[in-house]
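Peer 1: Fold the following and give me the result.
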Amino acid sequence: MIRQAARLKKLSSISTMNNAVIKRTFLSRAMYNAAKKVMPPISQTEQIALGSGTIGFDRDIFTGSPSLKKLNETYDSKLSTEESAFLSHQVDTLCSLLNDHEVSQKKDFSKKAWDYMRDEKFFGMKIPKEWGGLGFSTAAVSAVLSKLATQCFDANATVAVPNSLGPGELLVRYGTPAQKEYFLPRLADGTLIPCFGLTGPHSGSDATSLIGSDAIVEERNGELGLRATFKKRYITLAPVAGCVGLGLNLADPDNLLKGRGNSGFTVALLERHHPGLNMGDRHMPLNAAFMNGTVEGEDVWIPMSHVLGGQERCGFGWNMFVECLAEGRGVSLPAGSIGAAPTVCSAVG
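Peer 2: Here you go, the predicted structure:
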């Protein structure tokens, strides 16, 4: 009798739980359907962003179960012997050449510091060794940037751009063989200092809103190319850069691409002396010393061979940005903050 009563009580509890689950499911489905009707559809740009990259520790954060132990066991950020030696010798030497007060007063580094950064390949840390770079890991680049920030934040910003927002890593992943052969060795040894032209007067650093940076596919003398007009502002390293990666909003009204490439966000790679390209007028954001300036051009003719990755990569710029450059931003900016923290602590006690 007692067993039967316990069994009935158990069955009653299960029934109650099932009813609760059914109610929750019904309410959840109703709420989901209601929200779905008012939410805008996911755009193509957003879909590309969602489908790029991989899932790592961020998954644990969003599921509410982050574990520092798991993070330490999963991700090994140890530096190689070569990377550790670079951090102890070349980075220390560069720091000794940088007097933060003098840099902030003169708004520039000494020629000796500039030459040392070039000679020791500070601008080519992420470029593979086969192209003349150092081939360092992301952890090593982060460590270098953090250490530089403790001595001179302007040096941190100067080294960060070629190893994150500069077109070097984009060329490694997406460049044509001819583009890699020409640009990568020159970027690695500092012959060409790179910059990336994204920010405009009305669009900030939003790669999906390239207001005032337009290009149209045209054909001239039997050659396919782009006619571009653009105004870029606050482009780090522009006053001293030898080449620039340009973010453009490409249109193909006459369907000249014929399925080889698409309209949309496209990256072009131009050298400083390119006809019609004007890289000048230095800015002084927050009175900082690192080089910052404008990149402008009107009706500039850009042959299709100057599109990063060639014609097939027309319209592929957003993929490049979220898959490659976002990684650089996610490393270089936090590294600078980590390096600046000791300076702040020493100032405020």
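
Peer 1: pLDDT weak spots in the protein?
Peer 2: 1-26, 43-46, 48-55, 205-209, 324-328, 349 (pLDDT under 70).

Peer 1: Who are the contact partners of residue 293?
Peer 2: By C-beta atoms under 8 Å, 6 or more residues apart in numbering, the contact list for residue 293 reads 235, 238, 239, 279, 280, 281, 282, 283. All C-beta spots, glycine's among them, are computed from the backbone N, C-alpha and C.

Peer 1: So among the residues you listed, which ones count as buried?
Peer 2: Neighbour counting with 16 or more other C-beta atoms under 10 Å marks 235, 238, 239, 279 as buried within those.

Peer 1: Pull up the gap between the third one and residue 288, please.
Peer 2: Between residue 239 and residue 288 the distance, using C-beta to C-beta, to the nearest Å, works out to 13 Å.

Peer 1: Then the first one?
Peer 2: Here residue 235 is placed at a distance of 14 Å from residue 288 (C-beta to C-beta).

Peer 1: tell me, how many neighbours does residue 31 end up with?
Peer 2: 10 (other C-beta atoms under 10 Å).

Peer 1: now swap in residue 332 and tell me
Peer 2: 23.

Peer 1: now residue 135
Peer 2: 18.

Peer 1: Most widely separated two among the contacts of residue 293?
Peer 2: 279 and 283 (12.3 Å; C-beta to C-beta).

Peer 1: tell me, what's touching those two both at once?
Peer 2: The contact sets of residue 279 and residue 283 overlap at 293, 294 (C-beta under 8 Å, 6+ apart).

Peer 1: Spit out the contact partners of residue 161.
Peer 2: Neighbour list for residue 161: 194, 195, 196, 236, 237, 332 [criterion: C-beta under 8 Å, 6+ apart].

Peer 1: quick revisit: give me the subset of the buried ones among the contacts of residue 293 that lies in strands.
Peer 2: Among these, the members found in strands (DSSP state E) are 235, 279.

Peer 1: Verify the assumption that residue 265 is located in a strand.
Peer 2: Yes - the assignment for residue 265 is a strand, going by DSSP: H, G, I helix; E, B strand; the rest coil.

Peer 1: nearest spatial neighbour of it, skipping sequence neighbours?
Peer 2: Once flanking residues are discounted, residue 265 sits nearest to residue 317: 3.7 Å by C-beta to C-beta, 6 or more residues apart in numbering.

Peer 1: Next: residue 107.
Peer 2: Excluding its sequence neighbours, the residue lying closest to residue 107 (C-beta to C-beta, 6+ apart) is residue 289, at 4.6 Å.

Peer 1: Pretty sure that neighbour sits against residue 113.
Peer 2: No - distance between residue 289 and residue 113: 11.5 Å, which falls outside the contact criterion (C-beta atoms under 8 Å).

Peer 1: next one: stretch 83-91 to chain centre, how far?
Peer 2: 25 Å (C-alpha atoms, centre = their mean, to the nearest Å).

Peer 1: Please apply the same query to stretch 130-141.
Peer 2: With C-alpha atoms, centre = their mean, you get 16 Å for stretch 130-141.

Peer 1: quick one: contacts of that stretch?
Peer 2: 77-80, 83, 86-87, 121, 124-129, 144, 163-164, 168, 172, 180, 184-185, 187-189, 327, 331-332, 335.
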